[in-house]
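Trainee: Fold the following for me, if possible:
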Amino acid sequence: KIWLASGVQRRFPLVLSSSLCCQFNHSPTFSEYVVTRNRGFWTDIDFTCFGALLFVLLLRLFMKSFNFILAALLLFLFIRTVLRLFAVKEESLLVLRGLGVQVKAKYYNGRETYETIDLDQIEEVVINEGITFYRVIFYMAFVVKERKTMVLAFPHLRPRLEILKPIFFGVRHALFGEAPPDTTAS
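Mentor: Numbering: from 1, shown residues only. Next up, the predicted model:
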């Protein structure tokens, strides 16, 4: 269970899928929810392209007609590497009781971004669903006073609904003192 008595601090690792992992850290003064991308910097597609690149390089030793394929593979790998440097590796939501929340994103290139929202600026915490052409995405957001758009808790990695629910109830408990729902009664 996620709900802990005061003074208890534990970590709850939970694998969401093959690509995301979530950890919950709780104490009497804060709650932290960290969503991390499990896969490394290089993916199977990258290794396949490296293999194809080596194959083309070997063929090029014997034939001179593979310059275009070699250039295309090198360009593809270069673009994927540059784009991956600007991809989000980890997102976290730090909830400080009585103060507010901090949303943080870590990138593969080492850059970190932070956004802090004071408790008196938060009007509501919601879970919404967004519909794309081929799937439904659930996301947790903060409705902030005097802003036209909501602040998303995990805008890049988008954990699934079964992970967002305990985070949502934990955030509402920490910020507004709401009791978690009773999950034992069915």
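Trainee: Mind checking the pLDDT average for stretch 160-179?
Mentor: The average pLDDT for stretch 160-179 rounds to 90.
Trainee: So which helix or strand of the protein has the lowest pLDDT on average?
Mentor: The least trusted helix or strand in the chain, going by mean pLDDT, DSSP states H and E, turns out to be strand 11-15, with a mean of 44.
Trainee: which helices and strands does the helix or strand that it is followed by pack with?
Mentor: Per DSSP states H and E, the first helix or strand lying C-terminal to strand 11-15 is strand 20-26. Secondary-structure packing of strand 20-26 (3 or more Cβ pairs under 8 Å, 6 or more residues apart in numbering; DSSP states H and E): strand 11-15, strand 30-37, helix 161-176. The C-beta positions use only the backbone N, C-alpha and C, and glycine is treated the same way.
Trainee: buried ones in the longest one?
Mentor: Spelled out, it's helix 161-176. Across helix 161-176, burial judged by 16 or more other Cβ atoms under 10 Å covers 163-175.
Trainee: same check, this time on the second one
Mentor: Of all the residues in strand 30-37, those buried under the rule 16+ other Cβ under 10 Å are Ser31, Glu32, Tyr33, Val34, Val35, Thr36, Arg37.
Trainee: hmm, back to that, can you redo the buried residues of helix 161-176 as TSV with distance to Thr48?
Mentor: Formatted as TSV, the buried residues of helix 161-176 follow (distance: Cβ to Cβ, whole Å):
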residue	distance to Thr48
Ile163	30
Leu164	33
Lys165	37
Pro166	37
Ile167	35
Phe168	39
Phe169	42
Gly170	40
Val171	41
Arg172	45
His173	46
Ala174	45
Leu175	46
